[in-house]
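[1] curious how this folds, go ahead:
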Amino acid sequence: MPFPPLPRPAPVLAGALAAGLMLAGAGCSHITPLGPAGYAPRPQQLGTPIVLQAMGVQDFVPSTGECPAGYTRLSAPGQSAACYRPLGAGVTFTSAVVSAGLTAGPVNAPPTSYGLVIAVPAADRAELTAVTTQAYNATGAVDISVGGKVWGLPLAMGPLTRGRFTIMLPSKSQADQLQGILVPSG
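    I've put the predicted structure just below:
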């Protein structure tokens, strides 16, 4: 007698989504390892800091198409604009391991999203957990900014406790551009 598959616990699903494993429809992803088994690269000083901030999210006011009072229209590459307001102070990361390693899109087709995996130093994990927990508890998003530009506004699907997050971008050239800002060569 076959048994139906057991449902996955919500924390497992939330953790996968929060880690940036966004798969499109019947898509697939490819993750490039950060190094040989047992090897963990050391965080390096970033060319430009990464700032994460928990944000409240609201829809536009239907009658005006404007944001409600206290909210500002923001968008990130590949995302349409919405209304956001800061929920608290942002956190700044000045060193990290930056790895191009995640792509998403339909099977047997070119990727539709390119990601950078950011691993913060162990000393900064509590800050990453705090800002993502604040956004999650408010059913909000996380503003990921570099050099004063918003590069991501993902909805918080759960607190990030392992010290890693992903910035997904709609083109390889944008992912390469951001990686060059964070880790300048030379």
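[2] all helices for this structure, in order.
    Ranges of helices in the chain, per DSSP state H, are 10-18, 125-137, 172-182.
[3] average pLDDT for the shortest one?
    Spelled out, it's helix 10-18. Mean pLDDT, helix 10-18: 34.
[4] sorry, back to before: quick one: closest of the helices of the chain to Ala109.
    helix 172-182 (14.2 Å; CB to CB). To be clear about C-beta, it is placed using only N, CA and C from the backbone, and glycine gets the same treatment.
[5] next, the buried residues of that closest one.
    Neighbour counts over helix 172-182 (16 or more other CB atoms under 10 Å) mark 174-175, 178-179, 181-182 as buried.
[6] neighbouring contacts of it?
    The contact list for helix 172-182 (CB atoms under 8 Å, 6 or more residues apart in numbering) reads 46-48, 50, 77-78, 96, 98, 100, 111, 114-116, 146-147, 151, 167, 169.
[7] can you rerun that using 6 Å?
    Residues outside helix 172-182 that contact it (CB atoms under 6 Å, 6 or more residues apart in numbering): 46-48, 77, 98, 100, 114, 116, 146, 151, 169.
[8] out of these, who's the most crowded?
    Leu116 (26 neighbours; other CB atoms under 10 Å).
[9] so what pLDDT did that residue get?
    As predicted, Leu116 sits at a pLDDT of 93.
[10] what does the one 10 residues further on give?
    Listed pLDDT for Ala126 reads 96.
[11] what number of residues lie near it?
    Using other CB under 10 Å, Ala126 has 13 other residues around it.
[12] quick one: it and Val98, what's the gap?
    Counting by CB to CB, to the nearest Å, the gap between Ala126 and Val98 amounts to 20 Å.
[13] this completes my enquiry, with thanks.
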